[in-house]
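> turn this into a structure:
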Amino acid sequence: MKRILAILVLVLLGLGVAACGKKHEDPILRLSAEEALEIGKQLMEEEKYFKAERHLTHAFEVEPNSRNGREALLLAADALYLRGGLDNFIRCEAKYLDFINRFPTSDRADYAQFQVGNCLARRVEKPDRDQKVTRKALEAYQELLRLYPNSPHSAEARQKILEVNDLLAAHELSIATFYLRYGRGALCQAAIHRLEYVREEFPQFSQLDVALFHLGEAYDRCRRYEESDAAWQELRSKYPDSEYVFEASKLEKTNSKRRDQDASG
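Below you'll find the model as predicted:
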């Protein structure tokens, strides 16, 4: 009798757990891929990106290789991108890459590649920080131009490349100016190397006048006067209205005595 009662208790407990589990089951899980996709698209229009991403992810997981699943995966990535924030930019990058890997011949693959670059570009650091993510963003945009030269996103990608390159150049400039501020000898030579790299590799750099001024300064400190004069002359020729033209002239006057001494010695 005791054994029968014990079995009944276990059965009742099992039924209770099952009922509780069913009660708290996520209603999204009951939706078909088509239903979840349509709800997700409506939520996207309402800018309810958190709820939209959940529905769209479910639609993709139910039918990962169908037309609905393909559309849902891309929209789920878009929802994360539009929500913003570091974690969401990392997550949506992974979804865009997943879309490209699964559907490389899709007519939306170029958009996904463009968005990979955008996800990375939204995570770049300031010029004085590590630029690993910035370089990855540059590679992503360049990959778009390489794989999809006729993409409608090509023009915008080229503009993004200019912006990313500007940040990379600013990074090199910040290191060079640090060397000039606190270093001598070998660090001065290292500053020249960085600044020459900026001049040669980033001709559209928005602060190229600053780089040319400091390049002339670095040459001058290393007593490479002809190269110093050439850098400052380039500054005057290309950026006559830059405040650094005046700074270059002032530095020339300050260092004229040392230059004369070196010339006579």
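> quick one: the helices in the stretch 101-250 of the chain?
Using DSSP state H, counting those that start in this stretch, the helices of the stretch 101-250 of the chain run over 109-121, 132-147, 154-182, 186-201, 208-221, 225-238, 243-254.
> mind putting those in CSV, mean pLDDT and mean neighbour count included?
Using the backbone N, CA and C atoms, a C-beta is placed for each residue, glycine as well. What follows is those, written out as CSV (pLDDT from 0 to 100; neighbours: other CB atoms under 10 Å):
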stretch, mean pLDDT, mean neighbour count
helix 109-121, 98, 23
helix 132-147, 98, 19
helix 154-182, 96, 18
helix 186-201, 94, 18
helix 208-221, 96, 24
helix 225-238, 96, 17
helix 243-254, 93, 14
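> Serialize those helices to a markdown table and add fields for distance to Gly85.
Formatted as a markdown table, the helices of the stretch 101-250 of the chain follow (distance: least, CB to CB, whole Å):
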| stretch | distance to Gly85 |
| --- | --- |
| helix 109-121 | 11 |
| helix 132-147 | 15 |
| helix 154-182 | 20 |
| helix 186-201 | 32 |
| helix 208-221 | 33 |
| helix 225-238 | 41 |
| helix 243-254 | 38 |
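> quick one: the residue most central in space within the chain from Leu235, how far?
Residue closest to the mean C-alpha point of the chain, counted by CA atoms, centre = their mean, is Ala121 at 2.1 Å. The gap separating Ala121 from Leu235 is 30 Å, by CB to CB, to the nearest Å.
> now do the contacts for the residue nearest to the centre of the chain.
134, 137, 160, 163-164 (CB atoms under 8 Å, 6 or more residues apart in numbering).
> who are the packing partners of the helix or strand where Leu75 lies?
Using DSSP states H and E, the element containing Leu75 is helix 67-83. Counting contacts by 3 or more CB pairs under 8 Å, 6 or more residues apart in numbering; DSSP states H and E, helix 67-83 packs against helix 33-45, helix 49-62, helix 86-102, helix 109-121.
> reformat those as CSV; add distance to Leu195.
Converted to CSV, those look like this (distance: least, CB to CB, whole Å):
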stretch, distance to Leu195
helix 33-45, 47
helix 49-62, 44
helix 86-102, 32
helix 109-121, 25
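> for the ones you listed, which one sits closest to Gln204?
Closest to Gln204 of the helices and strands packed on helix 67-83 is helix 109-121 (CB to CB; 17.2 Å).
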